[in-house]
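Student: need a 3D model of the sequence below.
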Amino acid sequence: MATDYSDYEFLKVEVAERVGGTHRPIVVMLTSDDMKSQLAQVREHRLDAYLVKPVRRAELFNAIGVAINGRDLTAKRHGGHSPDAAGMQAGSAGTAPAPRILIVDDSADNRLLVRAFLKGTGYEIDEAINGMFAVEKFRAGTYNAILMDMRMPVMDGLEATRAIRQIEREQNLTRTPIVALTASALVEDEQRTKEAGADTHVSKPVRKAVLLQAIAQFVEKPLDALPSMQSEVPKAVA
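Tutor: Numbers count the residues shown, from 1 in each chain. Have a look, this model is predicted:
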């Protein structure tokens, strides 16, 4: 269910409470206001996601996918089937699970280009359109590395990185490598990303070889990766 309300109090009564229950639908709110400061209330009143208008089609589809996948993964975890357990089952069958990379960028073009850079590498790719969705996906799943854009609406990369590190501390999780992607090459900006918790910093425009090298510092290349994965291409992430 995608719903458009500007009155948050009315929204709580008319949507969240009326669609409660075990088999309630996915609820995605479309709003003209940034509700980051009310994120706790959004979760409390059973809203699965929200988007700030104007909403692009790709953003809406991605938000719905995040909400559906996040709920499914939570249900599986409660049933004793975590992503780690699935990986162990795959390994016991003789097939190692592919390393998972999360691309976090509000630009659909940038996400598409990074996907092109990683094509043929053997990595399993997932996407998030801003820091808020990245944090939700991190809560629901397991990733071998995160490629985090720093400037995004709703929740930027710095805030998302801090939130992920906090979750890791609270739940005693293994540290997930985060590669910060920024439009600045200044030493001060690189320092800010590291203080937030990023492991390394790559300046835009991002070149394929540079990005692959940054990932390779933390993630082992899958055995079935194509030999051409290190080849350079003229395009770059802006």
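
Student: where do the strands sit along the chain?
Tutor: Assigned by DSSP state E, the strands in the chain fall at 2-4, 28-31, 49-52, 100-104, 124-128, 145-149, 178-182, 200-203.

Student: can you tell me which of the ones you listed is most buried?
Tutor: Mean neighbours per residue, mean count of other CB atoms under 10 Å, is largest over the strands of the chain for strand 145-149, with a mean of 27. All C-beta spots, glycine's among them, are computed from the backbone N, C-alpha and C.

Student: relative to strand 178-182, how tilted is that strand?
Tutor: 20 degrees (axes from the mean of the first three to the mean of the last three CA atoms, to 10 degrees).

Student: now do the contacts for the residue lying closest to L158 once chain neighbours are set aside.
Tutor: Counting by CB to CB, 6 or more residues apart in numbering, A196 is the residue found nearest to L158 once chain neighbours are left out, at 4.5 Å. By CB atoms under 8 Å, 6 or more residues apart in numbering, the contact list for A196 reads G157, L158, E159, T161, R162, R165, A180.

Student: what is the burial count for the first one?
Tutor: Read that as G157. 27 (other CB atoms under 10 Å).

Student: how about it, nearest residue that isn't a chain neighbour?
Tutor: Nearest to G157 is M150, by CB to CB, 6+ apart, at 3.8 Å.

Student: which residues touch the closest residue in space to R192 that isn't next to it in sequence?
Tutor: Of all residues not flanking R192 in the chain, L158 sits nearest, at 6.7 Å (CB to CB, 6+ apart). For L158, the contact set (CB under 8 Å, 6+ apart) comprises M150, R192, T193, A196.

Student: quick one: neighbours of L186, just the number.
Tutor: 10.

Student: equivalent analysis for R111, please.
Tutor: Quick note: R111 (other CB under 10 Å) scores 22 neighbours.

Student: I'd say it and E127 touch.
Tutor: Yes - at 5.3 Å, R111 counts as touching E127 under the criterion of CB atoms under 8 Å.

Student: neighbours of A140, how many?
Tutor: Applying other CB under 10 Å, we find 17 residues neighbouring A140.

Student: tell me how far it lies from D126.
Tutor: Counting by CB to CB, to the nearest Å, the gap from A140 to D126 is 10 Å.

Student: how about the helices in this structure?
Tutor: Listed in chain order, the helices of the chain (DSSP state H) span 8-11, 39-44, 57-78, 83-92, 108-118, 131-140, 157-171, 187-196, 208-216.

Student: least reliable of these by average pLDDT, please.
Tutor: Least confidently modelled of the helices of the chain is helix 83-92, at a mean of 41 by mean pLDDT.

Student: domain assignment for the chain?
Tutor: For the chain, the structural domains run 2-78, 98-230, going by automatic domain parsing.

Student: ok, A160 - contacts?
Tutor: V104, N130, G131, M132, A134, V135, M148, M152.

Student: go with 6 Å
Tutor: Contacts for A160 (CB atoms under 6 Å, 6 or more residues apart in numbering) come out as G131, A134, V135.

Student: what is the burial count for the last one?
Tutor: By the measure other CB under 10 Å, the count of residues near V135 is 22.

Student: ditto for S184
Tutor: 15.

Student: now it. Nearest residue, chain neighbours left out?
Tutor: Per CB to CB, 6+ apart, closest to S184 is S203, 6.8 Å.

Student: who does that neighbour form a beta bridge with?
Tutor: Note on S203: beta-bridge partners T182, judged by DSSP bridges.

Student: can you tell me which residues contact M150?
Tutor: Contacts of M150 (CB under 6 Å, 6+ apart): G157, A180, T182.

Student: pLDDT wise, what is it at?
Tutor: At M150, pLDDT is 95.
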